[in-house]
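Colleague: here's my sequence, what's the structure:
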Amino acid sequence: MATADLTVLALGREGASASEYIAEIQRRLGKQDRVRFRMHAMGTSLEGSTEDILAVVGELHSVPFDQGIPRVYTVLKLDERRDRPGQTLEDKVRSVEDRLGCDALG
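Modeller: All right, here's what the predicted structure looks like:
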């Protein structure tokens, strides 16, 4: 399983707000069942096979174009561990939180 962080930036839009196209990206994510996802303040975390993540990102990259935006810049950070194929986003966070808990005790 792979995890990823996705940010899609619509360049050339009127105004500073990005919520309209981000909402559409979240709607499209909600309609698919290939990857798990969680929106956060600066993008969206994705979880699934590398192939499925890349396919979904390709589809999401086109969302601003579908809304008439002339240029789209997409940033994807992809992490895949083949030594721990079942590792989830929650596992990664829990690992750091566990270390923080040990630090607080020690």
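Colleague: what does the average pLDDT come to for stretch 58-74?
Modeller: Across stretch 58-74, pLDDT averages out at 96.
Colleague: sorry, slip of the keys, the one I care about is stretch 81-100.
Modeller: When pLDDT is averaged over stretch 81-100, the result is 90.
Colleague: buried residues in whichever strand or helix holds Ser95, which are they?
Modeller: For Ser95, the element it lies in under DSSP states H and E is helix 89-105. Within helix 89-105, the residues that qualify as buried are 89, 92, counting by 16 or more other CB atoms under 10 Å. For every residue, glycine as well, the C-beta is placed using N, CA and C.
Colleague: distance between it and the chain's centre?
Modeller: 21 Å (CA atoms, centre = their mean, to the nearest Å).
Colleague: with stretch 87-106 instead?
Modeller: Centroid separation for stretch 87-106 versus its chain: 21 Å, with CA atoms, centre = their mean.
Colleague: swap in stretch 49-69?
Modeller: 11 Å.
Colleague: mind saving the C-alpha coords of that stretch as PDB?
Modeller: Taking Å, rounded to 0.1, in the frame of the first residue of the first chain, the C-alpha atoms of stretch 49-69 are listed here in PDB:
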ATOM      1  CA  SER A  49      -2.000   1.100  -4.400                       C
ATOM      2  CA  THR A  50       0.500   3.200  -6.300                       C
ATOM      3  CA  GLU A  51      -1.400   2.500  -9.500                       C
ATOM      4  CA  ASP A  52      -4.700   3.600  -8.100                       C
ATOM      5  CA  ILE A  53      -3.300   6.700  -6.500                       C
ATOM      6  CA  LEU A  54      -1.600   7.800  -9.800                       C
ATOM      7  CA  ALA A  55      -4.800   7.100 -11.800                       C
ATOM      8  CA  VAL A  56      -7.000   9.100  -9.300                       C
ATOM      9  CA  VAL A  57      -4.500  12.000  -9.200                       C
ATOM     10  CA  GLY A  58      -4.600  12.200 -13.000                       C
ATOM     11  CA  GLU A  59      -8.300  12.600 -12.900                       C
ATOM     12  CA  LEU A  60      -8.200  15.200 -10.100                       C
ATOM     13  CA  HIS A  61      -5.600  17.200 -11.900                       C
ATOM     14  CA  SER A  62      -8.200  17.900 -14.600                       C
ATOM     15  CA  VAL A  63     -10.800  19.300 -12.200                       C
ATOM     16  CA  PRO A  64      -9.700  23.000 -12.400                       C
ATOM     17  CA  PHE A  65      -9.400  22.600 -16.200                       C
ATOM     18  CA  ASP A  66     -13.000  21.400 -16.300                       C
ATOM     19  CA  GLN A  67     -14.000  24.600 -14.400                       C
ATOM     20  CA  GLY A  68     -12.300  26.800 -17.000                       C
ATOM     21  CA  ILE A  69      -9.000  27.400 -15.300                       C
END
